[in-house]
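Chemist: Based on what follows, work out the 3D shape:
(chains A and B)
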Number of protein chains: 2
Amino acid sequence: MPPQDPRFDTISPLNKGLGPMDHALRATDIPSLNWNLLREDLSLPSAVLYRDKLLHNQQWMRHFIDAYGVKLAPHGKTTMAPQLFQLQLDGGAWGITLATAHQTLVAHAHGVRRVLMANQLIGRPNMAIIANLLRDPAFEFYCLVDSADQVNQLGEYFRSQSQQLNVLIELGVPNGRAGVRDEQQLLSVLTALDRWPDAVRLCGIEVYEGVLDNEPAIRQFLQRACSVTNQLIAEKRFAQKPILTGAGSAWFDIVAEEFTAARFSAPVEIVLRPGCYLTHDVGSYRRAHQRMRQNNPVAHQMNTTLETALHIWAYVQSIPEPTRAIIGMGRRDAAFDSGLPVPALQYRPSANAAANAPSATPAHWTITKLMDQHAYLEIAPGDDLHIGDMLAFDICHPCLTFDKWRTLPILDANYNVVDLVQTFF
Amino acid sequence: MPPQDPRFDTISPLNKGLGPMDHALRATDIPSLNWNLLREDLSLPSAVLYRDKLLHNQQWMRHFIDAYGVKLAPHGKTTMAPQLFQLQLDGGAWGITLATAHQTLVAHAHGVRRVLMANQLIGRPNMAIIANLLRDPAFEFYCLVDSADQVNQLGEYFRSQSQQLNVLIELGVPNGRAGVRDEQQLLSVLTALDRWPDAVRLCGIEVYEGVLDNEPAIRQFLQRACSVTNQLIAEKRFAQKPILTGAGSAWFDIVAEEFTAARFSAPVEIVLRPGCYLTHDVGSYRRAHQRMRQNNPVAHQMNTTLETALHIWAYVQSIPEPTRAIIGMGRRDAAFDSGLPVPALQYRPSANAAANAPSATPAHWTITKLMDQHAYLEIAPGDDLHIGDMLAFDICHPCLTFDKWRTLPILDANYNVVDLVQTFF
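Modeler: Have a look, this model is predicted:
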């Protein structure tokens, strides 16, 4: 993994899920502590990443993107971990997508020099953060506009700073999130842009197809985006080779298909923004990935799949009834917004850690409830489960798992801690 | 607010929801920056606390506890903010309740010297954290046991350290969380305790009545706890004046009623553990508080109520349809596990901030959906709402809101930032 920015890489001894630390350390000092998960060096619960699987997923996406000849700007809000941003950039990403001025500040502070802020930039303090970053001539930044009011607020602010802001017009759908719904709103935005040519620079078109939930509607929406792009090319509205960008983590195959199949009257930079591929999950993204492998020719042809690279490890703390174990892991540790954690591995600590390895958990073990600090695990009477056993759980949504952890150890195949990832939520 | 421990009070310029910072600052330096929310000094979204309301809630609980003559050990997992722990201790709290070894480490590092860990202590690394803290002779610590296996694991570890660990027996209910269910399990724990008199010291009885959802069942459970306490007093099982503790944030009135009404054959230290009273909310705890004010004689007699002391402020970023506004706040910012955020205040920034004050939002404005970084606000056509307006939202669960923020500004009545609270999740 790439090293952390030395200005921000101090690891507090007060973070959860780590091994013993007498005092604050540099992230780069952590491997020399020789922590090993199976040797019980980490205070559980702990969220850990598997190095080999991260690298595998990085490569999977590189192949996918290269096969389509499109650019990748993975959404960084998922992990907010600059070391993982760097891993993604090292894997060929064109830039990093982010959602807020604060997230952009974090990325820039860690060396990211091209950010697609797939969101409207609102409010003077947030504009000030971006204006300040734009004083770095190496920093390339795009954000979204979808109303004349918003364009005027940006125009006024950035004109006052004698700066020029790159924007993409966000297209939206009825009953969806932000984004211009129709021709009239589009015209209103374009008219407003005409007022601030010195301050606001139109660079492309953006959609987030994930507000829709079925493929035909998504394809139609994407085709509209291609058509609007062509329309604005014809009207010479773009100040540069236009960017056309879409794709969350669930439908990036469809976006790749539609955007690369479209005929544009001038060259267009196609940028996809999936974020969750790096850790993957066993919830909605696994289902999406199964669909892709079945239907998308590139994903189908690749003989590998994305792998889950994130586990929460936790102790069995009580087995008060024959069919119920209480696990020391809860909503403060794992996402629960699109499915509860799923048992994956069991390990019984012993004096001789080398003697055994984690084994797959029985298929009938199920988390039935998550409280703040506890999970209810349903088991069968007589199952071989002890208090003090360590269990690894797959998670169903990486975004809301990452934001529960300030540091995540990275493990090698032998469960040695070889690195530490910091998050900046 | 009490000052932060100087070893841990460095505020990174990369935290969200703050004003502009050129470099890391001490928390104590923040007030001198003269940030004001209405003057748009803070990057929104921002979670803020209101000083006056925190102090009001602190006093409300002090009166309640004093009226019953019981002790308070507020659950610190809610905020994980040592400055707020100190505020609670300054308000007469006997100690702080926590859920994990990590949380205990954080509290001790910030000067808390009496912790009731209302949870089982499991796993060698977690036992090592506590063993290390127990080397501070001023540190008083209690945790829970509910099985012979667990007692034996603690006994073995703490005997090897030549240390003595204070424990309470957790009682549980069928289909509930941890805790001994019946006489047989209780006897099994007591028998195990007899093996480790030098290492494990029985100090009381613990229940968490919040696993039940109706008052009659809760009263019955609490009466069982009183009866078990008397039984173990008669058997001379306790190594000290026994602690009898219960009460989450929803039923602490009932616990106070039952525990103070019980007749014990020896003096008992009654300890209540509500955590959410300090910030309160507009979800389940408001409903619980309404019930208390109606039914509990002490709460009824007090002429004041708990007040919501926590708001998320966010910008209106898009109004793409006449009945829909998109707000720059999402699941990364606010709890959504027991109700979505509720609009409370609206403020339109202007050059003359002193000219106006936030006003109450119309009752028909409702958050209908929360995505990672966005909220859908349902409005009526023609409502006076602009892009760039600032909205304050009440929240429905403080626990899962606090853990989205590393720093929360504290505001005075004029929205000046007078302090900053750090969290340590």
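
Chemist: and the stretch 101-250 of chain A, which residues reach chain B?
Modeler: Contact residues, the stretch 101-250 of chain A versus chain B (CB under 8 Å from any CB of the partner chain): A:101-102, A:105-106, A:109, A:119-120, A:122-126, A:128-129, A:132, A:146-147, A:149-150, A:153, A:172, A:174-181, A:185. Any C-beta I mention is one placed from the backbone N, CA and C, and that applies to glycine too.

Chemist: Please narrow the residues you listed to those residing in strands.
Modeler: In this view, those that belong to strands under DSSP state E are A:Asn119, A:Gln120.

Chemist: are any of the residues of the stretch 101-250 of chain A next to chain B buried, and which?
Modeler: A:101-102, A:105-106, A:109, A:119-120, A:122-126, A:128-129, A:146-147, A:149-150, A:153, A:172, A:176-181, A:185 (16 or more other CB atoms under 10 Å in any protein chain shown).

Chemist: out of the residues you listed, which are inside helices?
Modeler: Secondary structure assignment by DSSP state H places A:101-102, A:105-106, A:109, A:124-126, A:128-129, A:149-150, A:153, A:185 of those in helices.

Chemist: Tell me where the model's unsure across the stretch 251-400 of chain A.
Modeler: A:351-355 (pLDDT under 70).

Chemist: Please list the residues of it that sit near chain B.
Modeler: Within reach of chain B by CB under 8 Å from any CB, the stretch 251-400 of chain A has these residues: A:315-321, A:324, A:326, A:328, A:331-332, A:336-337, A:349, A:371-374, A:376, A:386-388, A:390, A:399-400.

Chemist: And the residues you listed, which of them are buried?
Modeler: Among these, those classed as buried by 16+ other CB under 10 Å are A:315-321, A:324, A:326, A:328, A:331-332, A:336-337, A:349, A:371-374, A:376, A:387-388, A:390, A:399-400.

Chemist: ok so, going back, nearest to A:Leu14, out of the ones in helices among the buried ones among the residues of the stretch 101-250 of chain A next to chain B: which one, please.
Modeler: For these, the residue nearest A:Leu14 by CB to CB is A:Val106; the value is 20.5 Å.

Chemist: before we move on, what SS does the residue of the stretch 301-425 of chain A found nearest chain B have?
Modeler: Evaluated by CB to the nearest CB, the stretch 301-425 of chain A has A:Ser318 as its residue closest to chain B, separated by 3.8 Å. Under DSSP: H, G, I helix; E, B strand; the rest coil, A:Ser318 falls in the strand class.

Chemist: Setting aside sequence neighbours, what's the nearest residue to the residue nearest the centre of chain A?
Modeler: Nearest to the mean C-alpha position of chain A, by CA atoms, centre = their mean, lies A:Thr78 at 2.8 Å. Leaving aside its sequence neighbours, A:Thr78 sits nearest to A:Gly275 (CB to CB, 6 or more residues apart in numbering or on different chains; 3.9 Å).

Chemist: Ok, A:Val106 next?
Modeler: A:Phe424 (4.3 Å).

Chemist: shouldn't the one you found be in contact with A:Lys77?
Modeler: No - applying CB atoms under 8 Å as the test, A:Phe424 and A:Lys77 come out as separate, 11.1 Å apart.

Chemist: What segments of the stretch 151-300 of chain A are helices?
Modeler: A:183-195, A:215-234, A:252-261, A:284-295, A:297-301 (DSSP state H, counting those that start in this stretch).

Chemist: So which of these has the densest surroundings on average?
Modeler: Highest mean neighbour count among those (mean count of other CB atoms under 10 Å in any protein chain shown): helix A:252-261, with a mean of 22.

Chemist: quick check, distance from stretch A:87-102 to the centre of its chain.
Modeler: Centroid separation for stretch A:87-102 versus its chain: 9 Å, with CA atoms, centre = their mean, to the nearest Å.

Chemist: again, but for stretch A:46-54
Modeler: The chain centroid and the centroid of stretch A:46-54 are separated by 15 Å under CA atoms, centre = their mean.

Chemist: what's that stretch in contact with?
Modeler: For stretch A:46-54, the surrounding residues in contact (CB atoms under 8 Å, 6 or more residues apart in numbering or on different chains) are A:1, A:16-18, A:37, A:42, A:84, A:87, A:278-279, A:307-313, A:333-334, A:401-402, A:404-405, A:408-413, A:418-419, A:421.

Chemist: Break chain A down into its domains, please.
Modeler: What automatic domain parsing lists as the domains of chain A is A:10-50+A:307-422, A:52-290.

Chemist: Pull up the distance across the first one, start to finish.
Modeler: Okay, so that is domain A:10-50+A:307-422. With CA to CA, to the nearest Å as the measure, domain A:10-50+A:307-422 spans 9 Å from end to end.

Chemist: Send me whichever strand or helix holds A:Gln86 as PDB with only the CA atoms.
Modeler: Using DSSP states H and E, the element containing A:Gln86 is helix A:82-90. In PDB, the C-alpha atoms belonging to helix A:82-90 read as follows (Å, rounded to 0.1, in the frame of the first residue of the first chain):
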ATOM      1  CA  PRO A  82      -6.500   8.300   1.100                       C
ATOM      2  CA  GLN A  83      -4.300   5.300   1.100                       C
ATOM      3  CA  LEU A  84      -7.000   3.400  -0.800                       C
ATOM      4  CA  PHE A  85      -7.500   6.400  -3.100                       C
ATOM      5  CA  GLN A  86      -3.800   6.100  -3.900                       C
ATOM      6  CA  LEU A  87      -4.200   2.300  -4.500                       C
ATOM      7  CA  GLN A  88      -7.000   3.100  -6.900                       C
ATOM      8  CA  LEU A  89      -5.000   5.800  -8.700                       C
ATOM      9  CA  ASP A  90      -2.100   3.300  -8.900                       C
END
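
Chemist: for that helix, packing partners?
Modeler: helix A:51-68, strand A:96-98, helix A:101-109, strand A:417-422 (3 or more CB pairs under 8 Å, 6 or more residues apart in numbering or on different chains; DSSP states H and E).

Chemist: deepest of these, which one?
Modeler: strand A:96-98 (a mean of 30).

Chemist: Give me the helices and strands touching it, please.
Modeler: helix A:82-90, helix A:101-109, strand A:114-120.

Chemist: Can I get these in TSV including mean pLDDT?
Modeler: Output for the helices and strands packed on strand A:96-98, formatted as TSV (pLDDT from 0 to 100):
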stretch	mean pLDDT
helix A:82-90	97
helix A:101-109	97
strand A:114-120	98
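
Chemist: Format those as CSV; extra columns: distance to B:Tyr157.
Modeler: Rendered in CSV, the data for those read as follows (distance: least, CB to CB, whole Å):
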stretch, distance to B:Tyr157
helix A:82-90, 35
helix A:101-109, 40
strand A:114-120, 49
